[in-house]
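K.L.:
only geometry, no sequence info:
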């Protein structure tokens with residue numbers, strides 16, 4: 001019989017039968033989980049902030065302008081086409097929810113986790129997910145929103161026999177902000193959700209990851225400017241997936257030590 005300590009972190013192959021990656025924006029899934037998606041073709045990527053705003057700003061936002069857009073451009077339609085091409089390249093199916101990116105909305109109109117959770121839950125159920133990968137939810141308001149909405153979905157279906165396994169992936173770029181990843185791990189830990197690095201079998205292919213990301217043509221320039229994309233890809237920064245589960249029986253008291 002295998003030593004339980006030796007097998008901690010391993011993921012049963014059947015869990016990875018139907019993977020859903022939940023992405024805040026069109027590019028985040030590939031930035032954080034490209035190796036996962038290329039290893040498991042047939043996965044589904046749900047982009048939460050995949051909808052158009054009620055109206056675009058009179059002038060292009062700083063991010064959009066850096067990507068080559070000008071006032072009057074239909075940015076979301078263009079980015080959906082980029083996403084369609086990128087997902088086809090890695091063999092994934094794109095699903096777009098109709099919530100707008102926070103850059104287009106005044107703060108009092110930003111969608112809230114409770115607004116997003118029902119639509120996200122329906123999309124995850126439609127994909128018949130056996131495993132769901134959420135962003136850690138770091139720094140960017142849309143990433144935090146997506147993470148929090150995913151946890152609501154997880155909490156509402158966690159007792160069902162056919163509920164998927166839940167994971168988080170590290171948000172590309174943002175995870176390098178000093179202390180931010182540790183903050184999220186601690187926050188989950190205190191909520192009795194124990195994030196544990198998971199041994200998810202993947203076949204890393206940096207050339208394919210670079211090629212896939214390059215299909216987000218309007219995103220490359222701002223990613224280079226704000227997230228030093230080339231340097232991170234050149235360094236082969238690893239993708240890390242964290243299993244999120246309740247603590248093992250008898251380990252709950254460790255939370256009192258944090």
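P.N.:
That came in fine, so what should we check first? Just so you know, these numbers come straight off a predicted model, no measurement behind them. Numbers count the residues shown, from 1 in each chain.
K.L.:
low pLDDT regions in this structure?
P.N.:
The chain contains residues with pLDDT under 70 at 1-6, 158-161, 253, 255-258.
K.L.:
which residues of it fall in strands?
P.N.:
Per DSSP state E, the chain carries strands over the ranges 19-23, 44-47, 93-96, 131-135, 165-169, 194-197, 241-245.
K.L.:
possible to save those as CSV with mean neighbour count?
P.N.:
C-betas here are computed from N, CA, C, even on glycine. Shown next, in CSV, are those (neighbours: other CB atoms under 10 Å):
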stretch, mean neighbour count
strand 19-23, 28
strand 44-47, 25
strand 93-96, 18
strand 131-135, 27
strand 165-169, 23
strand 194-197, 16
strand 241-245, 21
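K.L.:
which one is residue 134 nearest to, not counting chain neighbours?
P.N.:
Of all residues not flanking residue 134 in the chain, residue 150 sits nearest, at 3.9 Å (CB to CB, 6 or more residues apart in numbering).
K.L.:
in contact with that neighbour, which residues are there?
P.N.:
Residues in contact with residue 150, defined by CB atoms under 8 Å, 6 or more residues apart in numbering, are 22, 117, 120, 132, 134, 166.
K.L.:
re the thing from before, export the strands of the chain to a markdown table and tack on distance to residue 109?
P.N.:
Putting the strands of the chain into a markdown table (distance: least, CB to CB, whole Å) gives the following:
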| stretch | distance to residue 109 |
| --- | --- |
| strand 19-23 | 22 |
| strand 44-47 | 19 |
| strand 93-96 | 19 |
| strand 131-135 | 22 |
| strand 165-169 | 27 |
| strand 194-197 | 31 |
| strand 241-245 | 30 |
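K.L.:
looking at those strands, which is nearest to residue 179?
P.N.:
For the strands of the chain, the distance to residue 179 is smallest for strand 194-197, at 15.5 Å, taking CB to CB.
K.L.:
packing partners of that closest one?
P.N.:
Counting contacts by 3 or more CB pairs under 8 Å, 6 or more residues apart in numbering; DSSP states H and E, strand 194-197 is packed against helix 180-190, strand 241-245.
K.L.:
quick one on the thing from earlier: and the two most separated of the contacts of residue 150?
P.N.:
It's 117 and 166 that sit farthest apart of the contacts of residue 150, by CB to CB, at 13.9 Å.
K.L.:
from the contacts of residue 150, which is closest to residue 7?
P.N.:
Nearest to residue 7 among the contacts of residue 150, with distances taken as CB to CB, is residue 166, at 18.9 Å.
K.L.:
including distance to residue 170, could the helices and strands packed on strand 194-197 go into a markdown table?
P.N.:
Compiled in a markdown table, the helices and strands packed on strand 194-197 are given as follows (distance: least, CB to CB, whole Å):
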| stretch | distance to residue 170 |
| --- | --- |
| helix 180-190 | 7 |
| strand 241-245 | 8 |
